[in-house]
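Colleague: sequence plus predicted model, see below.
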Amino acid sequence: MRTLHFGLRVADLDRSLAFYTAVGYRVLGTVPETAFGSLTMIRLPRDEFVTIELVHDPANPPAGRNINHFVIQVESMADAVAGLAANGVEVEEPTSPDGTEDFLTAWITDPDGNRIEVVQWAPGHADGMTDADFAD
């Protein structure tokens, strides 16, 4: 088994698409009129598959946040911050969880208040968290 994608309820599809497009996501397709509302499938350029399904139903807007946060990996935090800022996305100041200059995180917030962590792993780190990140 593996995670395919997650569904994220959004209040205003156009506003959310503008935000996620500014972050770098692109629309792969849509599924109109499902039991959940319309579905818009998006992914980042280096993702092989859809990673987020934007769920929009004007008759049933999100009642609150059901996701704590999700994470986007970048190769260069400096380039990512510059690109996001150039696209009008406000980025919190990057910090380093382990005090190094190679492992950096920063935060952005989508129009519905969902928090997104932007991560630059240290060179040689796997493209995601593994058992090695929790080894003593």
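Modeller: Arrived safely, thanks for sending.

Colleague: sheet partners, orientation included, of the lengthiest strand in the chain?
Modeller: Assignment by DSSP state E gives strand 26-34 as the longest strand of the chain. If you go by DSSP bridges, strand 26-34 pairs up with strand 37-43 (antiparallel).

Colleague: which elements pack onto whatever helix or strand comes next after the strand it pairs with?
Modeller: Following strand 37-43 in sequence order, the next helix or strand is strand 52-56 (DSSP states H and E). Applying 3 or more Cβ pairs under 8 Å, 6 or more residues apart in numbering; DSSP states H and E, one finds that strand 52-56 contacts strand 6-9, helix 13-23, strand 37-43. All C-beta atoms are positioned from the backbone trio N, CA, C, and that covers glycine.

Colleague: now the helix or strand that strand 52-56 is followed by: buried residues?
Modeller: Next along the chain after strand 52-56, taking DSSP H and E as the criterion, comes strand 69-73. Residues 72-73 are the ones in strand 69-73 that count as buried (16 or more other Cβ atoms under 10 Å).

Colleague: what do you get for stretch 84-95?
Modeller: Burial within stretch 84-95, assessed by neighbour count using 16+ other Cβ under 10 Å, is assigned to 84, 89, 91, 94.

Colleague: and stretch 77-89, what's its mean pLDDT?
Modeller: The average pLDDT within stretch 77-89 is 97.

Colleague: run through who's touching that stretch.
Modeller: 19, 22-24, 74, 91, 94, 104, 106, 108, 118, 120 (Cβ atoms under 8 Å, 6 or more residues apart in numbering).

Colleague: now with 6 Å?
Modeller: Stretch 77-89 is contacted from outside by 22, 74, 91, 94, 104, 108, 118, 120, using Cβ atoms under 6 Å, 6 or more residues apart in numbering.

Colleague: the third one touches residue 106, doesn't it?
Modeller: If I follow you right, that is residue 91. Yes - here residue 91 lies in contact with residue 106, judged by Cβ atoms under 6 Å, at a distance of 5.3 Å.

Colleague: once you drop chain neighbours, what's closest to residue 73?
Modeller: Distances taken as Cβ to Cβ, 6 or more residues apart in numbering place residue 119 nearest to residue 73, at 5.3 Å, with adjacent residues excluded.
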